[in-house]
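> sequence first, then the predicted structure, then my questions.
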Amino acid sequence: MDSDKEEQARQIIVNEVDKVGIDSSRIKKNGCAACYVLFTLMDRMHLSETDAADLLTEVLLERPELNEKFIDMVENVHMKQRMMGVTFAIKTREAKDRYVLSQFKNALDELLSDAANYGVDLTFRKLILSHISLQLAQNLGIDFHAATEELYYYMRKHDQETHADLMALTSSILERGRHR
């Protein structure tokens, strides 16, 4: 990666994280703190969202101290100030990492079990629906469970077309995976 571009991105990220740390009202209503930094990076460097996300990830991976500062900003806004996930937010970094690792392994085990017990197609549909629910939660500023309920409500209301769309996507992706 171009070192000038990476340095410019680093400076933008540091500045925005610091600004949000001083005044979190920069993030409007229930907006996402991470997205705020991402979109600022995107706008100032004239990048696509994908390129900005890749650059943000790379800069944070290369600089653990900035990564820590970034995650602290996100936790402060999303958990402490909004009083969500407070018990997680007040844990030490090591305790948080142990909890996330545990959840990561449990999720992998659950998906493997689902694949063994119900088949790959059903497990894959579960992943797709979780992804859609997550996007709804992030974009609407609501929790995952509420987003899932909204999605299921919509899917029940439009059962035939959403089922057909979900089946077509699942089949298409799985078929592409088989051809590799």
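Perfect, I can see it now.

> only C-alpha atoms from now on, for both contacts and neighbour counts.
Fine.

> distance-wise, check Leu129 relative to Gly177.
To Gly177, Leu129 is 19 Å away according to C-alpha to C-alpha, to the nearest Å.

> neighbour count winner among the two?
More neighbours surround Leu129 than the other of Leu129 and Gly177, with 15 against 9 (other C-alpha atoms under 10 Å).

> what's next to the helix or strand harbouring the more buried one, contact-wise?
Per DSSP states H and E: Leu129 is located in helix 120-140. With contacts defined as C-alpha atoms under 8 Å, 6 or more residues apart in numbering, helix 120-140 is touched by 32, 111, 114-115, 142-144, 146-148, 151, 166-167, 170-171, 174.

> and if we set it to 7 Å?
For helix 120-140, contacts defined as C-alpha atoms under 7 Å, 6 or more residues apart in numbering pick out 111, 114-115, 143-144, 147-148, 151, 170.

> list the buried residues for it?
Going by neighbour count (16 or more other C-alpha atoms under 10 Å), the buried part of helix 120-140 is 120, 123-125, 130, 133-134, 136-138.

> so what does Cys32 look like in phi/psi?
Per-residue torsions, Cys32: phi -90, psi 130 (degrees, to the nearest 10).

> flag every buried residue along the lowest-mean-pLDDT helix or strand in the chain.
In the chain, no helix or strand scores lower on mean pLDDT, DSSP states H and E than helix 86-89, which sits at a mean of 78. Using 16+ other C-alpha under 10 Å as the burial criterion, the residues of helix 86-89 that qualify are Ala89.

> what's the next secondary structure element after the helix holding Leu129?
Heading C-terminal from helix 120-140, the first helix or strand you meet, by DSSP H and E, is helix 144-157.

> what angle do the next helix or strand after that next one and helix 120-140 make?
The helix or strand immediately downstream of helix 144-157 is helix 159-178, counting by DSSP H and E. Here helix 159-178 runs at an angle of 110 degrees relative to helix 120-140 (axes from the mean of the first three to the mean of the last three C-alpha atoms, to 10 degrees).

> dump the buried residues of helix 120-140 into a markdown table; add distance to Arg82 and pLDDT as well.
Listed next are the buried residues of helix 120-140 as a markdown table, based on distance: C-alpha to C-alpha, whole Å; pLDDT from 0 to 100:
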| residue | distance to Arg82 | pLDDT |
| --- | --- | --- |
| Val120 | 38 | 90 |
| Thr123 | 33 | 92 |
| Phe124 | 33 | 90 |
| Arg125 | 32 | 91 |
| Ser130 | 23 | 95 |
| Ser133 | 21 | 93 |
| Leu134 | 18 | 94 |
| Leu136 | 18 | 92 |
| Ala137 | 15 | 88 |
| Gln138 | 14 | 86 |
